[in-house]
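J.: the sequence and its predicted three-dimensional model are supplied below.
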Amino acid sequence: SFLRGLEMCMSVTTIDSVDLARVTQLINKTNQFNLMTRRYTQTEVETLLADPATLSCCVRLSDRFGDNGIISVLLARVTDHDTARNCEITDWLMSCRVLGR
């Protein structure tokens, strides 16, 4: 009932230049839910995002107490195998502030 009472609202968007600093910060500071624990500089993140074979998204979360901002980042690599389009998740992480939700 506590979680339901938070009235959480999640949105998933592509990563843009406005998100870049926070995305880089999450990549470099998040340890608890970080599947690969790779660290990237902001320039490396920009390079990844500019690559057409990279899919990216960030997750924002707000609740009745306010906006938590970007709380998760997912980076994936698109590959083609036998004309079927596949995607390999290369990096996925979530802020520990909202991990229990």
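T.: Noted; the coordinates are in hand. As the structure is a prediction and not an experimental result, all values here were calculated from the model. Residues are numbered from 1 along each chain as shown.
J.: residues near Leu6, how many?
T.: 13 (other Cβ atoms under 10 Å). Placement of C-beta: from N, CA and C, glycine included.
J.: distance of the residue nearest the centre of the chain from Arg64?
T.: Centroid check for the chain by Cα atoms, centre = their mean gives Val73 as the closest residue, at 0.7 Å. Using Cβ to Cβ, to the nearest Å, Val73 is found at 24 Å from Arg64.
J.: bridging residues for the residue nearest to the centre of the chain?
T.: Residues in a beta bridge with Val73, per DSSP bridges, are Cys58, Leu93.
J.: what's the answer for Asn86, then?
T.: With DSSP bridges as the rule, Asn86 is bridged to Thr79.
J.: distance of it relative to Asp80?
T.: 7 Å.
J.: swap in Asp91?
T.: Asp91 is 21 Å from Asp80, by Cβ to Cβ.
J.: so between these two, which is more surrounded?
T.: More crowded of Asp91 and Asp80, by other Cβ under 10 Å: Asp91, with 19 against 9.
J.: lowest average confidence, helix or strand, in this structure?
T.: Every helix and strand of the chain was ranked by mean pLDDT, DSSP states H and E. The lowest is strand 33-34, at a mean of 76.
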